[in-house]
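**Student:** pasted the sequence and its predicted model underneath.
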Amino acid sequence: MHELSIALNIVEIANEELTRHGGERIRAVHIQLGPLAGVAKEALLFSFGLACEGTAAEGCRLVIEDTKGRDLDIVRMEIEP
Amino acid sequence: MNGSAVMRPRIVEVRERVLKQNDLLARELRQRFQEAGVRVVSMVSSPGAGKTTLLEKTLTILNRGCRVAALVGDLATENDALRLQRSGAPVKQITTGTTCHLDASMISTALTDWDLKGFDILFIENVGNLVCPSSYDLGENLRAVLISTTEGEDKPLKYPTIFNTADIAVITKIDLAAAVEFDLKAVHRNIQTVRPGMRVVEVSAKTGTGIDAWLEAISFRK
């Protein structure tokens, strides 16, 4: 249920990072997600699409790497140019 | 299309916690609480586990000897705050709208016109939910997860995350255990399976059973 707010957080951070790196579009965001983070993957993927709308991340992929513990981190992004 | 026309995305390293904003704010809150000398206890459970009833009892007892206050979260209505105000303690309702949990910014906003130095213990009653609150640090010193005897004994196994982020577990409505054939041994075993060594207290806010153990647990007297 709180995956939408998590997704909005991801998009917000991703857009800040995009500005910092001087890019225009975000093509992919890679995150690490642990089983104890309390975040459902399917719900996050669904929410992420909505959260990206109207931002430089619109249409971008969310790549989720299963890790351990309470991990919930953005590790890298693919941006253009 | 020749190779030079194909735009290859750049890969940039990020390494940011997704909840960094909440975590930073929670850290600030924790520092404010410490400087003001107030202990902060949060309560989480599914809806109907008895958070408000236990809190009402707790505020009524503690309000005689120390300065207590409470923030209470729900999606809508001021009902819980009105109920808790009968204890005589200052109580503020946080209505979250559609949000299924409290976060650090809601706590910070709710506290703007309260002088924390005026309190010994501040309680935070989270929105009834065993999933979402586990991701959000509220700056509390102690998080209590409640499970009532009218729920399944396997709740800890079904919702391990919330038990892992909590400091103590409270089994509520203990006066009903026999009537609903609640298997106490099983729930204790299940709690210890998901969180070995977790402190557990059994209470009935109605009869007063276990209230002393609960008060001792939240006052951090070991």
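**Tutor:** Done, it's in. If you're wondering where the values come from, they're calculated on a predicted model, not measured in any experiment.
**Student:** what about the nearest residue to residue B:118 once chain neighbours are set aside, how many residues close to it?
**Tutor:** Closest residue to residue B:118 apart from its sequence neighbours, by CB to CB, 6 or more residues apart in numbering or on different chains: residue B:67 at 6.1 Å. (Each C-beta comes from the backbone N, C-alpha and C, glycine too.) When counting by other CB atoms under 10 Å in any protein chain shown, one arrives at 15 neighbours for residue B:67.
**Student:** how about residue B:109?
**Tutor:** 9.
**Student:** now the phi/psi pair for the residue nearest to the spatial centre of chain B, please.
**Tutor:** Geometric centre of chain B, nearest residue: residue B:43, 2.8 Å, by CA atoms, centre = their mean. The phi/psi pair for residue B:43 (degrees, to the nearest 10) reads phi -120, psi 130.
**Student:** ok, it - contacts?
**Tutor:** Shown in contact with residue B:43 (CB atoms under 8 Å, 6 or more residues apart in numbering or on different chains): B:51, B:54-55, B:123-126, B:143-146.
**Student:** run through chain A and note the low-pLDDT ranges.
**Tutor:** Across chain A, the ranges flagged by pLDDT under 70 are A:1.
**Student:** can you tell me, leaving aside adjacent residues, what's nearest to the residue nearest the centre of chain A?
**Tutor:** Centroid check for chain A by CA atoms, centre = their mean gives residue A:10 as the closest residue, at 4.2 Å. What sits nearest to residue A:10 in space, not counting adjacent residues and going by CB to CB, 6+ apart, is residue B:18, at 5.5 Å.
**Student:** low-confidence ranges in chain B?
**Tutor:** B:1-6, B:220-222.
**Student:** strands along that one, start to end?
**Tutor:** B:10-17, B:39-44, B:68-74, B:91-95, B:121-125, B:142-148, B:168-172, B:199-202 (DSSP state E).
**Student:** what would those strands look like in a markdown table with distance to residue A:40?
**Tutor:** Shown next, in a markdown table, are those (distance: least, CB to CB, whole Å):
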| stretch | distance to residue A:40 |
| --- | --- |
| strand B:10-17 | 19 |
| strand B:39-44 | 18 |
| strand B:68-74 | 22 |
| strand B:91-95 | 25 |
| strand B:121-125 | 25 |
| strand B:142-148 | 20 |
| strand B:168-172 | 23 |
| strand B:199-202 | 28 |
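**Student:** re the thing from before, hey, what's the residue nearest to the centre of chain B bridged with?
**Tutor:** Under DSSP bridges, the beta-bridge partners of residue B:43 are residue B:125, residue B:144.
**Student:** and it, how close does it get to chain A?
**Tutor:** 17 Å (CB to the nearest CB, to the nearest Å).
**Student:** quick one: residue B:166 and residue B:140 touch, right?
**Tutor:** No - in terms of CB atoms under 8 Å, residue B:166 does not count as a neighbour of residue B:140; the distance is 10.2 Å.
**Student:** so in the chain, which helix runs the longest?
**Tutor:** The chain I'm using is chain A. helix A:3-21 (DSSP state H).
**Student:** wait, chain B was what I had in mind.
**Tutor:** helix B:20-36.
**Student:** so which elements touch that helix?
**Tutor:** Contacts defined by 3 or more CB pairs under 8 Å, 6 or more residues apart in numbering or on different chains; DSSP states H and E place helix B:20-36 against helix B:104-110.
**Student:** got the contact list for the helix it packs on?
**Tutor:** B:21-23, B:25-26, B:28-29, B:71, B:73, B:92, B:94, B:96, B:124, B:136-139.
**Student:** flag every buried residue along that helix.
**Tutor:** Of the residues in helix B:104-110, B:104, B:106-108, B:110 count as buried by neighbour count, 16 or more other CB atoms under 10 Å in any protein chain shown.
**Student:** for residue B:161, state which of those is nearest.
**Tutor:** Taking CB to CB as the measure, residue B:161 lies nearest residue B:104 of those, at 18.1 Å.
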